[in-house]
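Peer 1: Whatever this is, show me its structure:
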Amino acid sequence: MTRFTLPRDLYHGKGALEALKTLKGKKAIICVGGGSMKKFGFLQKAEDYLKEAGMEVILFEGIEPDPSVETVMKGAEVMTEFEPDWIVAIGGGSPIDAAKAMWIKYEYPETTFEDMCKVFGLPKLRTKAHFCAVSSTSGTATEVTAFSVITDYAKGIKYPLADFEITPDVAIVDPELAETMPAKLAAHTGMDAMTHSVEAYVSTANSDFTDPLALHSIKMITESLVKSYNGSVEDRAAMHNAQCMAGMAFSNALLGIVHSMAHKTGAAFEKGHIIHGAANAMYLPKVIKYNSKDETAAKRYADIADFLKLGGDTVTEKVDALIAMLRKLNADLNIPQCIKNYGEGGLPAEVGIVPEEEFLAKLPDIAANAISDACTGSNPRQPSQEEMEKLLKCCYYDTEVDF
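Peer 2: As a prediction, this is how the structure comes out:
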C-alpha cells in the first residue's frame, strides 16, 4: 500500500492571497524571510487579511536563505510564547521550510533536531496549530510537500526532513508574488522544479497518481522557463503552476540522488554555497546518464523524451536527447554546466569558487553523506561509494559518465 497526500485546500490564480481571509482561528504567526515580501506589499496584505479574519497577528522575520537549525529553534520559542493556532509562512522555500520545522518543535518542545531528521518518523501534528504556506518562488513547491530542508552550518550539511505530517493544510499559489522574482532566481528555482519532476518520474516510488503530474509539469517547464527567465508575465504564471504540480509529484513519488548530491554539496565548501537549484541543474544530466544504465529508468527517461517530442529512435538516443535538452536549458539560463565553473552567485566562471584541491579533499565524506541522504533510497540505481565519488567528479569536471 502506498499513500498520496496533498494539502486540504489549494488556492491558485491571481488574487489567491485573499484566501487568508477564510482561515478560522484566534492567533496567527507569519514567518517570512528577507525584505522582498515587505517591499512589494505582500506581507502587509497577508497581515491585513488575517486580521480581517479576526486573528491577532505577529511576525517572525528575517529567516535566512538555507535556514539554520538555530533559526528553527528561535522561531519555535516565539511560537511557544505566542501560542498561535495558525502558522502562515510566506515567501520562497526557505521561510516555508523553516516554519515547518518550527511547527514540529512548537507542537513537541522535547523534540530534538535529530528527532526531526528521522524519515517519516514524526508524531501527529495539528494538536496546537494548522499550517498555511504561501509561495513566492517557482521551484521548491514546499507549499504542497511533505519535505523541508534545514542546514546544520556547524557540519556543513543540509538535512531533508520528510514526513506527511508537515504537508501544509492550506497552500496559496498566487502568481502575482512570483512576478517579483529576479531573473536569476527564476532560473535556479525553475531548474529545481524540473529536477523534481524528472526525479519523481523515474523514482522507484512513482505511481499512476504521480506520473501525470510529473510529465505535465516537465512539459510546462520546458515550454515556459526560458521565457519566464526573460521576463514574460504569462510564463511566470505558468511556471508557478508547473512547479506546484512538480511538488505534488515528488512529495508522493520521492526524489533521487540529484537531490542527495545537491543537499550534501550545497554548504560543504568554504568560499560560498552552491545554490540548490543551480546544483540540481548541473547534476541532473550526469545523474540521468548514470541512472540510464538501469533498463527501467532508461525507458522512463525515454518516455519523457517522447512526451516532449525530442526525437531519437532508440532508448539510448532518446536519453541523450533529453540530456542535451537539459544542458541547453542550463546554457540559455546562464547556469554553469559543472562545479569547476560555478562562480559567484551561481553564474558561469572560468575559475569557480570551489577549488579542485578542496573538492578532492572533501570528496569521500561528501559521497558518503550523499549515499546516506534520505533521497537516495528511491533512486533507480543505488550507487556504491566508488560510484558516487566518480559521479561527483563528473559533476565537477563536466566529464562523461561511462560507468
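Peer 1: Buried residues, the helix or strand hosting K227. List them.
Peer 2: Per DSSP states H and E, K227 falls inside helix 211-229. In terms of neighbour count (16 or more other C-beta atoms under 10 Å), helix 211-229 has its buried residues at 211, 213-222, 224-226, 228-229. (C-beta placed from N, C-alpha, C; glycine too.)
Peer 1: cool, and stretch 367-387?
Peer 2: Residues of stretch 367-387 classed as buried: 367, 369-371, 373-381, 383, 387 (neighbour count, 16+ other C-beta under 10 Å).
Peer 1: For the host helix or strand of A193, which helices and strands make contact with it?
Peer 2: A193 belongs to helix 183-202 when assigned by DSSP H and E. For helix 183-202, the packing partners by 3 or more C-beta pairs under 8 Å, 6 or more residues apart in numbering; DSSP states H and E come out as helix 211-229, helix 233-253, helix 257-265, helix 276-291, helix 295-307, helix 315-332.
Peer 1: One more pass at 10 Å, please.
Peer 2: Under the contact criterion of 3 or more C-beta pairs under 10 Å, 6 or more residues apart in numbering; DSSP states H and E, helix 183-202 touches helix 175-178, helix 211-229, helix 233-253, helix 257-265, helix 276-291, helix 295-307, helix 315-332.
Peer 1: do you know which of the ones you listed lies nearest T167?
Peer 2: helix 233-253 (6.9 Å; C-beta to C-beta).
Peer 1: For the closest one, the averaged confidence score.
Peer 2: Regarding helix 233-253, the rounded mean pLDDT is 97.
Peer 1: how distant is stretch 273-291 from the center of its chain?
Peer 2: From the chain centre to the centre of stretch 273-291 is a distance of 13 Å (C-alpha atoms, centre = their mean, to the nearest Å).
Peer 1: Let the chain start at 30 from now.
Peer 2: With the count now opening at 30, the last piece we talked about shows up as stretch 302-320.
Peer 1: Quick check: the gap between the residue lying closest to G219 once chain neighbours are set aside and C146.
Peer 2: Excluding the flanking residues, the one nearest G219 by C-beta to C-beta, 6 or more residues apart in numbering is L254, at 4.2 Å. L254 is 32 Å from C146, where distance means C-beta to C-beta, to the nearest Å.
Peer 1: okay but V101 is in contact with I92, surely?
Peer 2: Yes - here V101 reaches I92: they are 9.2 Å apart, a contact under C-beta atoms under 10 Å.
Peer 1: okay, and the common contacts of these two?
Peer 2: 126-128, 131 (C-beta atoms under 10 Å, 6 or more residues apart in numbering).
Peer 1: related to what we said a few turns ago, among the buried residues of stretch 396-416, which lie within helices?
Peer 2: If you go by DSSP state H, the buried residues of stretch 396-416 have 396, 398-400, 416 in helices.
Peer 1: Mind picking the two most distant members of these?
Peer 2: N398 and E416, at 14.8 Å, using C-beta to C-beta across those.
Peer 1: Can you name the element that comes right after the helix or strand of the chain with the lowest mean pLDDT?
Peer 2: In the chain, no helix or strand scores lower on mean pLDDT, DSSP states H and E than strand 186-191, which sits at a mean of 88. Following strand 186-191 in sequence order, the next helix or strand is strand 199-202 (DSSP H and E).
Peer 1: Using PDB, write down the CA coordinates of that following strand.
Peer 2: Listed next in PDB are the C-alpha coordinates belonging to strand 199-202 (Å, rounded to 0.1, in the frame of the first residue of the first chain):
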ATOM      1  CA  VAL A 199      -3.600  25.200   3.000                       C
ATOM      2  CA  ALA A 200      -1.400  26.200   0.000                       C
ATOM      3  CA  ILE A 201      -1.700  29.500  -1.700                       C
ATOM      4  CA  VAL A 202      -0.200  29.700  -5.200                       C
END
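Peer 1: For that strand, give the mean pLDDT please.
Peer 2: For strand 199-202, the per-residue pLDDT averages 98.
Peer 1: again, but for stretch 404-418
Peer 2: Stretch 404-418 shows a mean pLDDT of 97.
Peer 1: swap in stretch 308-324?
Peer 2: Taken as a whole, stretch 308-324 has a mean pLDDT of 98.
Peer 1: So what's the gap between that stretch and the chain middle?
Peer 2: Distance of stretch 308-324 from the chain centroid (C-alpha atoms, centre = their mean) equals 17 Å.
Peer 1: For the spatially closest residue to I382 that is not a sequence neighbour, give me its contacts.
Peer 2: Using C-beta to C-beta, 6+ apart and skipping the chain neighbours, the partner closest in space to I382 is K300 (4.4 Å). Residues near K300 by C-beta under 10 Å, 6+ apart: 373, 381-384, 387.
Peer 1: where does K300 fall, helix, sheet strand or coil?
Peer 2: At K300, secondary structure determined by DSSP: H, G, I helix; E, B strand; the rest coil is coil.
Peer 1: Report pLDDT for it.
Peer 2: If you check K300, the pLDDT there is 85.
Peer 1: Over to the one 3 residues further on?
Peer 2: The pLDDT attached to I303 in the predicted structure is 95.
Peer 1: for it, phi and psi?
Peer 2: Listed backbone geometry of I303 is phi -90, psi 110, with angles given as degrees, to the nearest 10.
Peer 1: what about it, how many neighbours?
Peer 2: Other residues near I303 number 24, with proximity taken as other C-beta atoms under 10 Å.
Peer 1: I figured it was touching I364, is that so?
Peer 2: No - assessed by C-beta under 10 Å, I303 is found out of contact with I364, at 11.3 Å.
Peer 1: can you give me phi and psi for the closest residue to E172 other than its chain neighbours?
Peer 2: Spatial nearest neighbour of E172, excluding adjacent residues (C-beta to C-beta, 6+ apart): A162 at 3.7 Å. Main-chain torsions, A162, degrees, to the nearest 10: phi -120, psi 130.
Peer 1: One more: the one 4 residues further on?
Peer 2: Backbone dihedrals for T166, given as degrees, to the nearest 10, come out at phi -120, psi 160.
Peer 1: Ok, the one 5 residues further on next?
Peer 2: The phi and psi values for T171, taken as degrees, to the nearest 10, are phi -60, psi -10.
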